[in-house]
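Student: fold the following.
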Amino acid sequence: MGKQLEGQIALITGSSSGIGAAIAVAMGKAGATVVVNHHSDKSLKGAEEVLNTIKAAGGNGVIKQCDTSNEEQVKQMFAEILAQFGTLDIAVANAGIQQDASFLDMTLEQWNKVIATNLTGQFLCAREAAREFKRRGVQPERSRAAGKIICMSSVHEVIPWAGHVNYAASKGGVKLLMQSMAQELAPYKIRVNSIAPGAIKTRINEDAWDTPEDEKKLLELIPYGRVGIPEDVAKVAVWLASDESDYVTGTTLFVDGGMTLYPGFADNG
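Tutor: Predicted structure coming up:
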């Protein structure tokens, strides 16, 4: 990948495992100093493993604990980052959860928890990042942009998902949050984009691909013929954070092997 992010500071929320971990490692390899965010003591071990992987590859970083749905914790995390590094260049709002139930059985607690983490958490982190980017402005030796915000969305920002209405609603919200932020922040040379993964082999959806039978069924939804891996998403994140994508803002990049092509219609037109 080279060192496209040399000298930059990158925060990746929810990066103690899965897609976030892969993005943290990839950005470390691309030269960024990485802030590995984890939610709680339970996720600290994963965060330490991610940071060790970054350092083993010649990169550097730190670990910050923060519940991204908690405004005071988010503000404290950003204050610590700015005190330690002086500024921030890249914010990847990746932290997300699922709490699944049928619509008729879903509790308000399940609804609120997913919206708080997946949507409100992205708003809080993006807002604090944008405030710093605007304050600092463009420094050409760092990047052509004042800052880069990458939201983690999902194919379910456009594909309805029965049994997961809280998750799908949160990702639909991310779509317009991202686009509205991009519209408002572009004059400050702050770029805002989303990545929308499809089926990616992570712990959160392991039961969808962990047996040959399950994987075969899942592949019926993926025209490209394979289930994605976190590194597929990480490569896109590095590109979006680099000057190679300097004219890209307000866009969702789908990393889904064609899932959003609605393959059920391929032979039913």
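Student: quick check: what element follows the helix or strand bottoming out on mean pLDDT in the chain along the chain?
Tutor: Every helix and strand of the chain was ranked by mean pLDDT, DSSP states H and E. The lowest is helix 212-219, at a mean of 88. Per DSSP states H and E, the first helix or strand lying C-terminal to helix 212-219 is helix 230-241.
Student: in that next one, what's buried?
Tutor: With burial defined by 16 or more other CB atoms under 10 Å, the residues of helix 230-241 counted as buried are Pro230, Asp232, Val233, Ala234, Lys235, Val236, Ala237, Val238, Trp239, Leu240, Ala241. The C-beta positions use only the backbone N, C-alpha and C, and glycine is treated the same way.
Student: give me the distance between the two termini of stretch 239-251.
Tutor: Terminal residues of stretch 239-251 are spaced 13 Å apart (CA to CA, to the nearest Å).
Student: and what of stretch 201-210?
Tutor: 9 Å.
Student: need the contact partners of stretch 101-119.
Tutor: Stretch 101-119 has contacts (CB atoms under 8 Å, 6 or more residues apart in numbering) with 68-69, 95-99, 162-163, 165-167, 169-171, 173-174, 177.
Student: quick one: mean pLDDT over that stretch.
Tutor: Across stretch 101-119, pLDDT averages out at 98.
Student: show the end-to-end separation of that stretch, please.
Tutor: End-to-end distance (CA to CA), stretch 101-119: 19 Å.
Student: buried residues in that stretch, which are they?
Tutor: For stretch 101-119, a neighbour-count test (16+ other CB under 10 Å) marks Met106, Gln110, Trp111, Lys113, Val114, Ile115, Ala116, Thr117, Asn118, Leu119 as buried.
Student: which of these fall in helices?
Tutor: Gln110, Trp111, Lys113, Val114, Ile115 (DSSP state H).
Student: what separation do you get for Val165 and Leu253?
Tutor: Look at Val165 and Leu253: by CB to CB, to the nearest Å, they are 25 Å apart.
Student: that should have said Pro263, apologies.
Tutor: Taking CB to CB, one finds Pro263 at 19 Å from Leu253.
Student: tell me the one of the buried residues of helix 230-241 nearest Asp89?
Tutor: Nearest to Asp89 out of the buried residues of helix 230-241 is Ala241 (CB to CB; 8.0 Å).
Student: OK, contacts around the closest one?
Tutor: Gln4, Leu5, Gln8, Ala10, Met27, Ala30, Ala32, Asp89, Ile90, Val92, Lys148, Ile150.
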